[in-house]
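S.K.: need coordinates for the below:
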Amino acid sequence: MNSNGNNRPLIIPALGGIYAALSDISETILRVVAGAALVVHGSGKIVNPMGSVEMVEGLGFYPGVFWSPLLAATEFFGGILLTIGLLTRPAAFATAIVLAVTIYFHGFVQGQGWSGSEKSILWTAILFFFVIRGASNHSLDARIGKEF
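M.R.: As a prediction, this is how the structure comes out:
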């Protein structure tokens, strides 16, 4: 295996060392940015956890008084866990489920198609990466020495 993470040779072999050196930190940056964005996005919901009752019931999630606070907590606290890299896989999985529902909501319920669900698709893909990969060496999971 080469320093680029696969068996294919690099077109410019001298870049292999740079790629290897930046691999872990680039993954950390992606996780921290994704987590922080989820915290910001979920902060409005955590302040008003019942604010999404009608929306979640409109999607068929009854009772809304249960699902709305769960949505708020998943986005906000899941984002915090991703940012610090603690319980990374379960946090990424839970938030990916929430975002998969937003793909359905924007893309189909509201009829916005790709343009309405594009961000949710991208976020779901990023979160799926962390469900499979876990956190990098720059995380609380790594400090503890165990991952989910």
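
S.K.: mind listing residues that contact the helix-or-strand element of the chain with minimal mean pLDDT?
M.R.: Least confident helix or strand of the chain, by mean pLDDT, DSSP states H and E, is helix 53-58 with a mean of 90. Residues from elsewhere that reach helix 53-58, judged by C-beta atoms under 8 Å, 6 or more residues apart in numbering: Pro63, Gly64, Val65, Trp67, Ser68, Leu71, Phe105, Val109. In short, each C-beta sits where N, CA and C put it, glycine included.

S.K.: in it, what counts as buried?
M.R.: Buried residues in helix 53-58, counted by 16 or more other C-beta atoms under 10 Å: Val53, Val56.

S.K.: stretch 35-48 too?
M.R.: Applying a neighbour-count criterion of 16+ other C-beta under 10 Å, one finds Gly35, Ala37, Leu38, Val39, Gly42, Lys45, Ile46 buried in stretch 35-48.

S.K.: and the residues you listed, which two are the farthest apart?
M.R.: Gly35 and Lys45 (15.6 Å; C-beta to C-beta).

S.K.: show me where this structure has its helices.
M.R.: Ranges of helices in the chain, per DSSP state H, are 16-47, 53-58, 64-84, 88-104, 113-133, 140-144.
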